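1. Pasting the sequence and the predicted coordinates here, then a few questions.
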Amino acid sequence: MTQPPRKLHQPHQPCHPNRRQCLAGLSALGLASLVGAPAQAAERFPVKPIQLVLPFPPGGSFDPVFRSLAEAASRDLGQPVVLMHQPGAGGVAGTANLARLSEGDGYTLAVMHNSVIRAPLVQRVSWDPLKDFTYLGSLFGLVTGVSVARDAPWKTFAELMADAKARPGAISWGNVGAISINRISAERVARGAGTSFNMVSFKGGAEAFQALIGRHLDVYGDPGFGPQVQGGRARLLAVFSDQRLKSYPEVPTTKELGYAVSIDSPVGLVAPKRLPPEVQQRLHEAFRKAASDPAYLKQLEAFDMLPQLSSPQEYADYARAQYERDQKMLAEIGFKLD
């Protein structure tokens, strides 16, 4: 039997007779779906826990600060933010590990601080802090203090410096990390006074304060002094800030004491490079919101850290400017990379 010829399928044309208006409407709908795709992707993120690398040992001042921040961010993100301690190289190694990843997906973040930005200027590394991270924004600023044990012989910073001049190299001065701005600033102060300290590097603040209180270390020049000073176990002699702290109005700044040295040291978050912009924005918004959490702000106050929020672009711009400032400063003090 001869089959009737097959008819070609004709597409359904529900828009006829006003075809132009219909096509315009369909085109707009298609564009809307494309524009909405990144937003939908951002809404889907995250779908699993996020790791936050803390490049210092447990027990230091960063531990309770970032633990409270992570808890607040977890509530907004709907997934746990898990702290991962990866100490080493003065707080550089853990964050630097992210720079070696080819791209970010938002599930591995790290704490960024100025020693990481400075690292290529003082040691040979295979990564670039200006190219190999996605900056998420700064969170708070560190305040560096000069602390001694409560039973130490120096009651003022002037007494400490007078003793240092009489005994160059005899007084030990501790910092976290051999390349921190806190150590560099202490050496600049000593050089300006015509003396030197015996510089000692520690892995973290908890270890350093234990040595200070036990009188195995003479001076500790780093942030995180609040609980030790308020608990009466240590004495604060000076702060490397532009203004005196409200919590310690009697403690002078190094500038007041005649040393033209102050420290601006923001701390923030980064992800590996090539992080999708919508994920970057989602993370920035979540942690910015978490930065207003009362429990987190209480921890900042306890450790004399000051809120210092910035956008991803502002933090990336700061990193570039800080890199250039450190480059100039190291040249001024005659530092040469071996």
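-> Yep, it's here.
2. all contacts plus neighbour counts: C-alpha atoms, from now on.
-> Noted.
3. At which residues are the strands of the stretch 1-150 of the chain located?
-> 50-54, 81-85, 108-112, 133-142, 145-149 (DSSP state E, counting those that start in this stretch).
4. how many other residues sit next to the closest residue to L160 other than its chain neighbours?
-> Leaving aside its sequence neighbours, L160 sits nearest to W154 (C-alpha to C-alpha, 6 or more residues apart in numbering; 5.5 Å). Each residue near W154 was counted by other C-alpha atoms under 10 Å, and the total is 19.
5. Report the secondary structure state of W154.
-> coil (DSSP: H, G, I helix; E, B strand; the rest coil).
6. Provide a list of residue ranges in the stretch 1-150 of the chain with pLDDT below threshold.
-> 1-43 (pLDDT under 70).
7. what's the pLDDT at the residue nearest to L160?
-> On the pLDDT scale, W154 is placed at 98.
8. Repeat that for the one 3 residues further on.
-> What the model reports for F157 is a pLDDT of 98.
9. That one is in contact with V239, isn't it?
-> No. Counting by C-alpha atoms under 8 Å, V239 is not a contact partner of F157; they are 9.9 Å apart.
10. How is this structure divided into domains?
-> Domain ranges of the chain: 50-142+265-332, 145-239, per automatic domain parsing.
11. quick one: which of these is nearest V251?
-> Among these, the nearest to V251 by C-alpha to C-alpha is domain 145-239 (5.6 Å).
12. hmm, back to that, for the domains of the chain, give me a markdown table that also has distance to P252.
-> As requested, the domains of the chain are arranged in a markdown table below (distance: least, C-alpha to C-alpha, whole Å):
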| stretch | distance to P252 |
| --- | --- |
| domain 50-142+265-332 | 15 |
| domain 145-239 | 5 |
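13. nearest to T254, of these?
-> domain 145-239 (6.1 Å).
14. Distance across that closest one, terminal residue to terminal residue?
-> Taking C-alpha to C-alpha, to the nearest Å, domain 145-239 runs 4 Å from one end to the other.
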